[in-house]
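Chemist: Requesting a structural model of the entry that follows:
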Amino acid sequence: MSLRAAFFGLNQVPPPPPPFAPSVLTAVPAGANRDDVLLTWDDNSNNETGFEVQYSTDNSTWSTLTTTAADVETYTHTTPTLGEVTHYYRVRAVGGTGNSAWATAQITGLLLPLDNHWTFDEAISSGSRADSIGLATLTDVGSNKGYTTGKIGNAVRFLSSGWLENNGDITNVETFSVTQWVYFPGDTSGGFFTLRNPSNAMPVRSVRESGNWVVDKFLADLTVTGLTHGVWHLLYVGYDMPTQTLYASIDAGAQVSNTHASRPSAPFTARIMFGVADGLSNSTFDNDDPQFRRRLLSQAEIAALYNAGSGLAYPFQ
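Modeler: From the prediction side, this is the model:
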């Protein structure tokens, strides 16, 4: 090699390439309230110094959430914008010789935090059940209750009578929604859920009749088909107080609704019950993971809850 070539470094080893890009970036709801986003990806390089994680709500303006250490393949975003917002994420490997291409993912709709959540995970046949979010402990009334394997952890099993209720801690209720998982081992009928105000006007009184779910029984029956036995079902009921309209669905299906002038039109204190509904016979059924929110849920949010309980994006731990 000539001295000229040696002088200009033509015999030097070229620098190593930038790290390979990560792949299989996923974004799923996480956290006890489903208001975090868990990101995971595959690390395809062996020379990165870390991974840069960026976030956007418009897929245009990006902010860096963190730069991880090398070999990390997960990050939890704990402060995303809540509600019906599309969240965009991108992750790239960074290194001393450059950065990789971006891996991208997006997720739409995160639930606003829960107001009340009863996991029903207590392995007890009697006694109160704790509210994991608020202060609305459910007290034990009557007998014939047990516990069993639920949809998520344990569940309460009601055996023909008795109920769990809260009477006074959920105040100033207006628009609200309740979700819960139920399981009927046999093809039987009975009442199993009530929410009412002190004057006994009942926005929600539920009963299973002929394989259907009848909501607001005795006032303005709202019937949702498909409450079959032998299968866990996610029930959603929402009440829009300004219009006095009740909405209901099973397993994130199409919502049915009706309006009635006798329903509450002013804020009230809720008495919430799970188990036998007043004045209605009840058969054996299992109840799990009821949740109460002071707003209606969108169809996408109901679907996210249903899919989560079905194992597609488990958000409850």
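
Chemist: When you work out contacts or count neighbours from here on, use the C-alpha atoms and nothing else.
Modeler: Noted.

Chemist: in stretch 259-278, what counts as buried?
Modeler: Residues of stretch 259-278 classed as buried: 259, 263-264, 268-277 (neighbour count, 16 or more other Cα atoms under 10 Å).

Chemist: actually stretch 211-229, not the one I typed
Modeler: 211-217, 220-225, 227-229.

Chemist: tell me which of those residues is nearest to Gly150?
Modeler: Of all the buried residues of stretch 211-229, Gly150 sits closest to His229, with 14.7 Å by Cα to Cα.

Chemist: Name the nearest of the buried residues of stretch 211-229 relative to Ala308.
Modeler: Nearest to Ala308 among the buried residues of stretch 211-229, with distances taken as Cα to Cα, is Leu227, at 19.3 Å.

Chemist: wait, doesn't that closest one sit right on Val215?
Modeler: No: look at Leu227 against Val215 with Cα atoms under 8 Å: they stay out of range, at 11.9 Å.

Chemist: Go through the strand or helix carrying Ala304 and flag the buried ones.
Modeler: Assessed by DSSP states H and E, Ala304 sits inside helix 299-309. By neighbour count on 16+ other Cα under 10 Å, the buried set for helix 299-309 is 301-309.

Chemist: Show me what it is packed against.
Modeler: If contacts are counted by 3 or more Cα pairs under 8 Å, 6 or more residues apart in numbering; DSSP states H and E, helix 299-309 sits against strand 103-110.

Chemist: Try it again at 10 Å.
Modeler: strand 23-30, strand 83-95, strand 103-110, strand 176-183, strand 233-240, strand 245-250 (3 or more Cα pairs under 10 Å, 6 or more residues apart in numbering; DSSP states H and E).

Chemist: Show only the entries of the buried residues of stretch 259-278 found in strands.
Modeler: 259, 268-275 (DSSP state E).

Chemist: So, low pLDDT: which residues of the stretch 151-300 of the chain?
Modeler: 167-169, 196-203, 276-282 (pLDDT under 70).

Chemist: try it again with 80
Modeler: 160-161, 167-169, 188-205, 217-219, 276-283, 300 (pLDDT under 80).

Chemist: Quick one: the strands in the stretch 51-200 of the chain, in order.
Modeler: For the stretch 51-200 of the chain, the strands defined by DSSP state E, counting those that start in this stretch occupy 63-67, 74-77, 83-95, 98-99, 103-110, 116-117, 139-141, 145-149, 154-158, 163-173, 176-183, 190-196.

Chemist: could those go into JSON lines alongside mean neighbour count and distance to Arg293?
Modeler: JSON lines is the format used below for those (neighbours: other Cα atoms under 10 Å; distance: least, Cα to Cα, whole Å):
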{"stretch": "strand 63-67", "mean neighbour count": "14", "distance to Arg293": "29"}
{"stretch": "strand 74-77", "mean neighbour count": "17", "distance to Arg293": "23"}
{"stretch": "strand 83-95", "mean neighbour count": "21", "distance to Arg293": "13"}
{"stretch": "strand 98-99", "mean neighbour count": "16", "distance to Arg293": "44"}
{"stretch": "strand 103-110", "mean neighbour count": "19", "distance to Arg293": "13"}
{"stretch": "strand 116-117", "mean neighbour count": "22", "distance to Arg293": "7"}
{"stretch": "strand 139-141", "mean neighbour count": "17", "distance to Arg293": "20"}
{"stretch": "strand 145-149", "mean neighbour count": "18", "distance to Arg293": "25"}
{"stretch": "strand 154-158", "mean neighbour count": "25", "distance to Arg293": "20"}
{"stretch": "strand 163-173", "mean neighbour count": "18", "distance to Arg293": "10"}
{"stretch": "strand 176-183", "mean neighbour count": "22", "distance to Arg293": "5"}
{"stretch": "strand 190-196", "mean neighbour count": "23", "distance to Arg293": "13"}
